[in-house]
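> Sequence and predicted model, in that order:
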Amino acid sequence: MSATPENVVIVGASATGLTTAQHLRRQGYEGKLTLVGDEEHLPYDRPPLSKQVLAGTWEPERVLLRSEDALAELDVTLVLGQPATGLDLGAKELSLGDGTALGYDALVVATGVTPRDLPGTDLDGVHRLRTLDDALALRAALLAGPKVVVVGAGFLGAEVAAVAREMGLEVTLVDPLPVPMLRQFGPQVGELVGAMHRDHGTVLRCGTEVAGFRSSGGRVTGVELGDGSVLDADVVLVAVGSVPATGWLEGSGLPLGNGVECTDHCRAAPDVYAGGDVASWYNPHFGTRMRLEHRMNATEQAMAIASAIVGDERPFAPIPYFWTDQYDTKLQAYGTFPDGARVQVLDGDPDERAFVAAYLVDDVVVGVLGWNHPRTLREARKLVVDRASLDVAS
Amino acid sequence: MKVIVDKDACVGSGQCVLAAEDVFDQDDDGIAVLLQENPSEERAEDVRQAAAVCPALAIRIEG
């Protein structure tokens, strides 16, 4: 194993990047630390963007991950407003948008993801939501009281639809799949998510593709669906997933597949690590490669990377945790939720909208989901840790 | 060490309980409940871990 590096450069100044810096210091790393971010903002947190910031219940400043004073204590050189543009593994140099090059002994890639796009959406009134500026722009647009169409009923789309509906707006949620959050939680729970949205007055158009957009004078006026119908729209959010932000690494020699491909020690190449939304790694607990766009993973993977850099290496084998808040409902989940998994209710009652369910593959618990049932869910996490067996009769 | 929980920021993940169950609990809505405001020095590392892993950064430690 190589000696502790003296110069660590972290690309990506969001949760993973900043947490890596914090944990390096927490573990006694005293060398040079540089954090590079493509936005001008100080490092901030993303989960509140589609919830409290969009709803206006939090001032934007509240999403900062650390105050300016606390950042100064961390003794990190912040290079903000600079996208990384290239990596020379041989020379151990990172190039930046302004043409400068930064040398490193160890590099951490934490550049996150970029929202996926739909063709024909270069129109005023069509929004995406990834950054704080995106959230503030969408909030400003919603305050004008528009008719809202949300394209994509995954986490982000469903959360934004809920916030917009709670602002009293006319909201339609569109997705090609038959129920919301099908990919995340399967058909049964997806059906419940759909019912919850309908109960709150959000119109669902699931099982329908978006065929195109209507506009007038460069401004969106409607969304055309595959069945020929047209939804009037003043504001459209496109939330159709994201792709790992690895374009700047093309040709660098780092293994790129679905994200930067790492070992189970979060290493992509000698002295190069990747973490957070951009990283794909083999999770020994589940025996499968993963790439997670979840807040908890940003922290946990950053901690694992910081440990590896200072020489405390162990396989990164987390039980994934994630949550979503929609209306007055909190869905929380531990583990994985593969297609075709059998769903078994462990406690509570789906009809009463308070329950915990296990997801099983070959009768082994691979995930547990809690619907407004947080304490029981925390206890059920152990079933995932233990790879517990539940037979059909129980 | 003094622990402060921002209940308004808490998302009910329960990660704090997993890290230090004698210091944190959850109410029926999942929101963190502080069992010990001034945990002993022996518990300090686990409490720091709880603050570090909180996905909502809702735990602050003073001293």
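That came through, no problem.
> C-alpha only now, for contacts and for neighbours.
Noted.
> who in chain B is up against chain A?
Within chain B, the positions near chain A by C-alpha under 8 Å from any C-alpha of the partner chain are B:12-14, B:26-30, B:52-55, B:57.
> who touches the residue of the stretch 51-200 of chain A found nearest chain B in this structure?
Residue nearest to chain B within the stretch 51-200 of chain A: A:Leu65 (8.0 Å; C-alpha to the nearest C-alpha). Going by C-alpha atoms under 8 Å, 6 or more residues apart in numbering or on different chains, A:Leu65 touches A:15, A:43-45, B:57.
> The same query, at a cut-off of 6 Å, please.
For A:Leu65, the contact set (C-alpha atoms under 6 Å, 6 or more residues apart in numbering or on different chains) comprises A:43-45.
> Once you drop chain neighbours, what's closest to the residue nearest the centre of chain B?
Centroid-nearest residue in chain B, with C-alpha atoms, centre = their mean: B:Cys16, separated by 4.6 Å. Nearest non-adjacent residue to B:Cys16, counting by C-alpha to C-alpha, 6 or more residues apart in numbering or on different chains: B:Ala50, 4.5 Å away.
> what about the helix or strand where the one you found lies, distance to the chain center?
For B:Ala50, the element it lies in under DSSP states H and E is helix B:44-53. Helix B:44-53 has its C-alpha centroid displaced from the chain centroid by 8 Å (C-alpha atoms, centre = their mean, to the nearest Å).
> Convert the C-alpha atoms of the helix or strand following it to CSV, please.
Once helix B:44-53 ends, the next helix or strand along the chain (criterion: DSSP H and E) is strand B:59-62. Extracted C-alpha coordinates of strand B:59-62, given in CSV (Å, rounded to 0.1, in the frame of the first residue of the first chain):
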residue,chain,number,x,y,z
ILE,B,59,-27.4,16.7,14.4
ARG,B,60,-25.0,19.4,15.8
ILE,B,61,-22.4,18.8,18.4
GLU,B,62,-20.9,21.5,20.6
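> Contact partners for A:Val163?
Contacts of A:Val163 by C-alpha under 6 Å, 6+ apart are A:Ala55.
> I'd like to know which of the contacts of A:Leu65 is nearest to chain B.
Checking those one by one against chain B (C-alpha to the nearest C-alpha), the nearest turns out to be A:Asp45, at 8.6 Å.
> Now do the same contact list for the closest one.
Here A:Asp45 is in contact with A:63, A:65 (criterion: C-alpha under 6 Å, 6+ apart).
> what do you get if the cut-off is 10 Å, keeping everything else the same?
A:14-16, A:62-66, A:131-132, A:295, B:55-57 (C-alpha atoms under 10 Å, 6 or more residues apart in numbering or on different chains).
> same deal with B:Gly63?
Neighbours of B:Gly63 in contact, by C-alpha under 10 Å, 6+ apart: B:1-3, B:38.
> now with 8 Å?
With C-alpha under 8 Å, 6+ apart, B:Gly63 has these contacts: B:1-2.
> on that earlier part again, for the residue nearest to B:Cys16, list the residues it contacts.
So B:Ala50 contacts B:15-20, B:59 (C-alpha under 8 Å, 6+ apart).
> Mind checking which of those land in helices?
Residues of these located in helices (DSSP state H): B:15-19.
> Out of these, which end up buried?
The neighbour count (16 or more other C-alpha atoms under 10 Å in any protein chain shown) marks B:15-19 as buried among the ones in helices among the contacts of B:Ala50.
> Could you export these to a markdown table, including columns for distance to A:Ala110?
Below are these laid out as a markdown table (distance: C-alpha to C-alpha, whole Å):
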| residue | distance to A:Ala110 |
| --- | --- |
| B:Gln15 | 23 |
| B:Cys16 | 25 |
| B:Val17 | 28 |
| B:Leu18 | 26 |
| B:Ala19 | 25 |
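> Most widely separated two among those residues?
B:Gln15 and B:Ala19 (6.3 Å; C-alpha to C-alpha).
> Helix or strand: which one has the closest residue to A:Leu49 other than its chain neighbours?
Closest residue to A:Leu49 apart from its sequence neighbours, by C-alpha to C-alpha, 6+ apart: A:Ala135 at 5.8 Å. Using DSSP H and E, A:Ala135 sits within helix A:132-142.
> Let me see the residues that make contact with that helix.
Contacts of helix A:132-142 (C-alpha under 8 Å, 6+ apart): A:46, A:49-50, A:53-56, A:60, A:125, A:127-129, A:148, A:164, A:235.
> Take those and keep only those in strands.
A:127, A:148, A:235 (DSSP state E).
> any idea how far A:Ala161 is from the last one?
To tie it back to what came earlier, the one meant is A:Val235. 12 Å (C-alpha to C-alpha, to the nearest Å).
> So which of these two has more stuff around it?
Shown here are A:Val235 and A:Ala161; by other C-alpha atoms under 10 Å in any protein chain shown, A:Ala161 has more neighbours (29 against 25).
> Helix, strand, or coil at that one?
helix (DSSP: H, G, I helix; E, B strand; the rest coil).
> Number of residues surrounding A:Gly120?
10.
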